[in-house]
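>>> sequence unknown, structure follows:
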């Protein structure tokens, strides 16, 4: 049970009042992560601003650069009523993927607040959650709120490039920052999906991430004899590689129904009356009835291997000795060994492969006190809502924290309008988050942390 210096309603009102400005300001920091240390802007300036907001509220913060200049991370801990309980980690990343201003309706780093939305790169990935974390953390400290357990707030670098210079570096080199942490919540969960009911009504399901696919960036390389472009060449590295890439890129991996996906589909079927038969040849067609979110859910039914980069040659009339490709691989939990065997069969013996980045899959169960607290927090602010587990087709910093034995969930609560194509906003043009979704999420997050 939490104790507060002032009443909870006052703390919630203050947090809600400032969350939009916090998110807008966070977006104005251009923290674009290209994946290359030489061209990535770094998170230092944004991290130092976050630290000031926490320190102004009374926190003692720790700023850490994770193995490279400018890769800034900020940590703050709020003691709880029961120091014997495991601490809860709330983590959010400060970096974003790059954006081309010419493609956008507003400048991607303007943080514009208009038409009921906060606009800009990072609005939903994930400076929305960072802003909510910051708003609630500040108000807890200002109001003298004592949560049930210790809370560790972590604002991190480099998630968008796999966390090598962020969460994974911190877990390896600074595990003391996570001392006593047993559970964690982060991004890409807690958002609403509106499904039709058989009676013509609607139900909002709030998707809690309990699993995520493995993430691997694989380099393929073919080598052959170089030569003049005018000669006959049966042994051509570009041709060998292109054929292998085509086989891999057009391959359909077998359908695998993990526990998290099975529970999600069962919940949707129960609410909507839709039937998701794993044996049906058109299960993707049934999923399409869920709208834009079906792109994420559909990608969790099987492994994927999508070619994303090609590199070969240096002159039009020279057949190169080497050709390379990069493939983005996402692997269902428990499938890594089988996936690699299947890839090797597809690319054949004349193509080498190596992992540039290889991060494990993760899955936990949808049960326990923390899950109950999530559900109670949603119901307190949306009595017609329901929390359900799901698997994320991408990856988050949870992959790093799982190595410390921390049980991880995605819970960044947002009540979204049914017509919003939420999935398209991730890394997309005109990324934006509804103002009322931010305010709702701040209220839910505060309730959750007071009962976690």
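It's in. Every value quoted in this text rests on a predicted model; they were computed, and no experiment measured them.
>>> now do the SS call for residue 274.
coil (DSSP: H, G, I helix; E, B strand; the rest coil).
>>> in this structure it contacts residue 289, no?
Yes - Residue 274 is within contact range of residue 289, at 6.2 Å (criterion: C-beta atoms under 8 Å). Backbone N, C-alpha and C define where each C-beta goes, glycine included.
>>> residue 218 should be in a helix, yeah?
No - applying three-state DSSP, one finds residue 218 to be strand, outside a helix.
>>> tell me how far it lies from residue 331.
11 Å (C-beta to C-beta, to the nearest Å).
>>> the two: which has the busier surroundings?
More crowded of residue 218 and residue 331, by other C-beta atoms under 10 Å: residue 331, with 26 against 21.
>>> next up, phi/psi of the spatially closest residue to the more buried one that is not a sequence neighbour, please.
Once flanking residues are discounted, residue 331 sits nearest to residue 214: 3.8 Å by C-beta to C-beta, 6 or more residues apart in numbering. Here is the backbone geometry of residue 214 (degrees, to the nearest 10): phi -70, psi 150.
>>> OK, contacts around residue 191?
Contact partners of residue 191, counting by C-beta atoms under 8 Å, 6 or more residues apart in numbering, are 206-207, 412-414, 416, 422.
>>> residue 429 versus that one, what's the distance?
20 Å.
>>> how about residue 331?
Distance of residue 331 to residue 429, given as C-beta to C-beta: 29 Å.
>>> please apply the same query to residue 56.
Plainly put, residue 56 is 35 Å away from residue 429 if you go by C-beta to C-beta.
>>> do the same with residue 421
Here the criterion is C-beta to C-beta. By it, residue 421 lies 12 Å from residue 429.
>>> and for residue 422?
14 Å.
>>> which one of these two is surrounded by more residues?
Neighbours were counted for residue 422 and for residue 429 using other C-beta under 10 Å; residue 422 has more, 19 against 13.
>>> give me the nearest residue to that one, chain neighbours excluded.
Per C-beta to C-beta, 6+ apart, closest to residue 422 is residue 416, 5.7 Å.
>>> wait, what's in contact with that neighbour?
Per C-beta under 8 Å, 6+ apart, neighbours of residue 416: 191-194, 422, 434, 437.
>>> now, which of those lie within strands?
191-194, 434 (DSSP state E).
>>> which among the residues you listed gets closest to residue 353?
Nearest to residue 353 among those is residue 191, at 35.3 Å by C-beta to C-beta.
>>> who is the closest one paired with across the strands?
On the basis of DSSP bridges, residue 191 is bridged to residue 207, residue 414.
>>> which helices and strands sit right next to the lowest-mean-pLDDT helix or strand in the chain?
Lowest mean confidence among the helices and strands of the chain (mean pLDDT, DSSP states H and E): helix 283-287, at a mean of 79. Other helices and strands packing on helix 283-287, by 3 or more C-beta pairs under 8 Å, 6 or more residues apart in numbering; DSSP states H and E, are helix 294-298.
>>> tell me the buried residues in the helix it packs on?
294-298 (16 or more other C-beta atoms under 10 Å).
>>> repeat for stretch 286-302
Here stretch 286-302 shows 286-287, 290-291, 293-302 as buried, counting by 16+ other C-beta under 10 Å.
>>> any chance of JSON lines for the residues you listed, columns distance to residue 255?
Formatted as JSON lines, the buried residues of stretch 286-302 follow (distance: C-beta to C-beta, whole Å):
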{"residue": "286", "distance to residue 255": "13"}
{"residue": "287", "distance to residue 255": "12"}
{"residue": "290", "distance to residue 255": "17"}
{"residue": "291", "distance to residue 255": "21"}
{"residue": "293", "distance to residue 255": "18"}
{"residue": "294", "distance to residue 255": "15"}
{"residue": "295", "distance to residue 255": "16"}
{"residue": "296", "distance to residue 255": "16"}
{"residue": "297", "distance to residue 255": "13"}
{"residue": "298", "distance to residue 255": "10"}
{"residue": "299", "distance to residue 255": "12"}
{"residue": "300", "distance to residue 255": "10"}
{"residue": "301", "distance to residue 255": "5"}
{"residue": "302", "distance to residue 255": "5"}
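>>> nearest to residue 402 among the residues you listed?
residue 300 (17.6 Å).
>>> the closest one and residue 192, how far apart?
Distance, residue 300 to residue 192, using C-beta to C-beta: 18 Å.
>>> between residue 274 and residue 289, which contacts overlap?
Joint contacts of residue 274 and residue 289 (C-beta under 8 Å, 6+ apart) do not exist.
>>> report pLDDT for the residue lying closest to residue 113 once chain neighbours are set aside.
With C-beta to C-beta, 6+ apart as the criterion, residue 113 has its nearest non-adjacent residue at 5.7 Å, and that residue is residue 24. At residue 24, the model reports a pLDDT of 98.
>>> what packs against the helix or strand hosting residue 24?
Element membership for residue 24, per DSSP states H and E: helix 8-28. Packing partners of helix 8-28 (3+ C-beta pairs under 8 Å, 6+ apart): helix 44-56, strand 117-119, helix 127-143, helix 435-450.
>>> what's around the spatially closest residue to residue 45 that is not a sequence neighbour, how many residues?
Nearest non-adjacent residue to residue 45, counting by C-beta to C-beta, 6+ apart: residue 29, 6.0 Å away. Residue 29 has 23 neighbouring residues, counting by other C-beta under 10 Å.
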